[in-house]
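Visitor: Dropping a prediction and its sequence here:
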Amino acid sequence: MIRLAGITKVYHMGEDVTVNALAGIDLEIGAREFVAVMGPSGSGKSTLMNIIGCLDRPSGGRYTLDGIDVARMSDRELAQVRNARIGFVFQTFNLLPRMTALRNVELPLVYAGVARGTRHRPATPAPRHRRPPAALARVGLADRTRHRPSQLSGGQRQRVAIARALVNNPSIVFADEPTGNLDTATGSEIMDLLADLHDAGATIILVTHEAAVAAYAGRVIHLRDGRITRDEARTPDPVA
C-alpha cells in the first residue's frame, strides 16, 4: 500500500540554517497493518506522518501509494486523496467549537461534495445526513450528536475526532499522539477503539512517544535524527 524510497525532507530556516528532518527513509507499510512510529522530539516522526498522509511533499526520494507516484499529484489531487482515503486524528482534537458533534463529523463530507440527500429521495450509496450519526454511534456517542465540544469530556472530544476521521470510510487512519491530552484511563479507551478499527480492517499508523501506546501495534518503527534505527514486528500487548 505505502512505499517510501530514499525520502528526504529539508527545511531552510533562513539563509544559513538548514534542517534535515528526514535523511533517506526506506519504508513499506502493507494494508491492514497497525504501525507505531516512535522517537524522541525532533526525530522526524511528525514530518514522516505529514508526508505519508499527503499533507506535505518530500524534498527528495519517491513515495507511492497503491502504486501511484504521489509526487506527480497536483495539490487538488492530493486533497482528494486525503479526503477520500485518509482519516486523521490529532492530539488537539481540532473540533470547531460552535458546531455540534454531528456537524463536526459532517465536515469532511461537505468538503468532498457528498450529496446530503433526503429521507424521501436518498442519494446513493449513502447520503450525507446518514453517515455522521452512524460514525458517532460507531465510537459510542450516539447520544451526544447535538452536544458542542465544550459540553464534552476530553475523551468524548477525541471520539468525535475519530468519528470525523472515519466518516468517509478511509482505508488508512493516521493518529498523531491521540492520547497526549488525555488521562491514562481515557487514553486506554481511545487506544482500544483504534485497535477495534484495525480489527475491522483499517490500516492504522500511529505516532507516539509512549511505550504503552505503541504496545497496541503489531509493528514499531523507531526514528532518530531523521533515520529509521529499528523496525520491529511484535505481538500487540496493550497492557505493556
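Guide: Good, I have the coordinates.

Visitor: ok, Leu27 to Ile7 distance?
Guide: From Leu27 across to Ile7, the span is 8 Å (CB to CB, to the nearest Å). Where you see a C-beta, it was placed from the backbone N, CA and C, and this is true even at glycine.

Visitor: more crowded one of these two?
Guide: More crowded of Leu27 and Ile7, by other CB atoms under 10 Å: Ile7, with 23 against 17.

Visitor: Next secondary structure after the helix or strand where the more buried one lies?
Guide: Assigning secondary structure by DSSP states H and E places Ile7 in strand 2-12. Next along the chain after strand 2-12, taking DSSP H and E as the criterion, comes strand 18-29.

Visitor: how many degrees apart are that following strand and strand 2-12 in direction?
Guide: With axes from the mean of the first three to the mean of the last three CA atoms, to 10 degrees defining the directions, strand 18-29 sits at 170 degrees from strand 2-12.

Visitor: Residues contacting the next helix or strand after strand 18-29, please?
Guide: For strand 18-29, the following helix or strand on the C-terminal side (DSSP H and E) is strand 34-38. Contacts with strand 34-38, where a contact means CB atoms under 8 Å, 6 or more residues apart in numbering, come from 29, 45, 48-49, 195, 198, 203-209, 211, 213-214, 216-223, 236.

Visitor: just the buried members of those residues?
Guide: Buried subset of the contacts of strand 34-38 (neighbour count, 16 or more other CB atoms under 10 Å): 29, 45, 48-49, 195, 198, 203-208, 213-214, 216-217, 219-223.

Visitor: Just the ones in helices from these, please.
Guide: Residues of those located in helices (DSSP state H): 45, 48-49, 195, 198, 213-214.

Visitor: State the pair within these that is farthest apart.
Guide: Maximum pairwise distance in those, criterion CB to CB, is 21.9 Å, between Leu48 and Ala195.

Visitor: roughly how far out does the helix or strand Ile228 falls within sit from the chain middle?
Guide: Using DSSP H and E, Ile228 sits within strand 227-233. On the basis of CA atoms, centre = their mean, to the nearest Å, strand 227-233 sits 20 Å off its chain's mean C-alpha point.

Visitor: angle of it against strand 18-29?
Guide: Angle of strand 227-233 versus strand 18-29, following the same axes, to 10 degrees, is 20 degrees.

Visitor: Now do strand 227-233: which elements does it pack against?
Guide: Judged by 3 or more CB pairs under 8 Å, 6 or more residues apart in numbering; DSSP states H and E, strand 227-233 is in contact with strand 18-29, strand 219-224.

Visitor: any chance of these in CSV, plus mean pLDDT and distance to Gly187?
Guide: What follows is the helices and strands packed on strand 227-233, written out as CSV (pLDDT from 0 to 100; distance: least, CB to CB, whole Å):
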stretch, mean pLDDT, distance to Gly187
strand 18-29, 94, 24
strand 219-224, 96, 18
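
Visitor: Out of the ones you listed, which is closest to Val105?
Guide: With CB to CB as the criterion, Val105 lies closest to strand 18-29 of the helices and strands packed on strand 227-233, at 26.4 Å.

Visitor: Tell me the strands beside that closest one, with direction?
Guide: strand 2-12 (antiparallel) (DSSP bridges).

Visitor: Let's see the partner strand as PDB, backbone CA atoms only.
Guide: C-alpha atoms of strand 2-12 as PDB (Å, rounded to 0.1, in the frame of the first residue of the first chain):
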ATOM      1  CA  ILE A   2       2.600   2.500   1.100                       C
ATOM      2  CA  ARG A   3       6.200   2.500  -0.200                       C
ATOM      3  CA  LEU A   4       8.900   5.100   0.500                       C
ATOM      4  CA  ALA A   5      12.300   5.000  -1.100                       C
ATOM      5  CA  GLY A   6      15.100   7.400  -0.200                       C
ATOM      6  CA  ILE A   7      12.700  10.000   1.200                       C
ATOM      7  CA  THR A   8      14.300  13.200   2.500                       C
ATOM      8  CA  LYS A   9      12.900  16.400   3.800                       C
ATOM      9  CA  VAL A  10      14.900  19.600   4.200                       C
ATOM     10  CA  TYR A  11      13.800  22.800   5.800                       C
ATOM     11  CA  HIS A  12      15.600  26.000   5.200                       C
END
